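Visitor: build me a structure from this.
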Amino acid sequence: METYDVLKTALNVSSTRANLISTNIANVNTDNYKAKRIEFETNLKTALDGTGFKLKSTHPKHLNIQSEILQPVITENKQTSVKENGNNVDLDTEMVDQATNGLYYQALTAQMNGRLKMMNYVTSQ
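Guide: Okay, here's the model as predicted:
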C-alpha cells in the first residue's frame, strides 16, 4: 500500500469520525443512546511498527501494509451511563474529540497536499 492510499484512508476515517461525533452530540439527550467511536490509528500504528502482522511488499518503496488491515472499526461504548436515562454521551469528551479530529484532518490534508505537489513536480520534470 502506498503512502497516498494510507493518507486517503486516514482522511476517510477522519471524515467518518467527524460524522460519528456529530451524531453523538446530536443524541446527547436521547434515552439509552450509547456513544460511538471509530478505531483506526491503533491498527495503523501496529502495522507500521510491524508488531502485529507479517506483511508482504511488492515494491521496496511501498509501505508494508495490506489494505484489509487498515479497515476502520466502528464501536459502541457499552460502559456505564453518565446519565439516569441510560445515555453515556459526555458532551465535554465529544467536544475535545471534535477539536482533536479537526486538527488531525488538517494535518492529513497538509500531508496529502505535499504528497500531490511532490508527485506533480516529479511528473513535470
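Visitor: so what's the nearest residue to T23 once chain neighbours are set aside bridging to?
Guide: Distance criterion Cβ to Cβ, 6 or more residues apart in numbering; nearest residue to T23, sequence neighbours excluded, is K36 at 6.8 Å. C-betas here are computed from N, CA, C, even on glycine. Counting by DSSP bridges, K36 forms beta bridges with E76.
Visitor: pLDDT weak spots in the protein?
Guide: For the chain, the stretches with pLDDT under 70 are 1, 50-69.
Visitor: next, count neighbours for the residue nearest to T23.
Guide: By other Cβ atoms under 10 Å, 17 other residues sit near K36.
Visitor: was I right about it contacting V73?
Guide: No. Using Cβ atoms under 8 Å, K36 is not in contact with V73, being 10.9 Å away.
Visitor: so what does the longest helix along the chain touch, helix or strand wise?
Guide: Longest helix of the chain, by residue count under DSSP state H: helix 91-124. Counting contacts by 3 or more Cβ pairs under 8 Å, 6 or more residues apart in numbering; DSSP states H and E, helix 91-124 packs against helix 3-26.
Visitor: how far does the helix it packs on sit from the chain's center?
Guide: Here helix 3-26 is found 5 Å from its chain centre; the criterion is Cα atoms, centre = their mean, to the nearest Å.
Visitor: list the buried residues of that helix.
Guide: Within helix 3-26, the residues that qualify as buried are V6, L7, T9, A10, L11, V13, S14, R17, A18, L20, I21, N24, counting by 16 or more other Cβ atoms under 10 Å.
Visitor: could I get those residues as a markdown table with distance to V89?
Guide: Below are the buried residues of helix 3-26 laid out as a markdown table (distance: Cβ to Cβ, whole Å):
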| residue | distance to V89 |
| --- | --- |
| V6 | 31 |
| L7 | 30 |
| T9 | 27 |
| A10 | 25 |
| L11 | 25 |
| V13 | 21 |
| S14 | 20 |
| R17 | 15 |
| A18 | 16 |
| L20 | 11 |
| I21 | 10 |
| N24 | 5 |
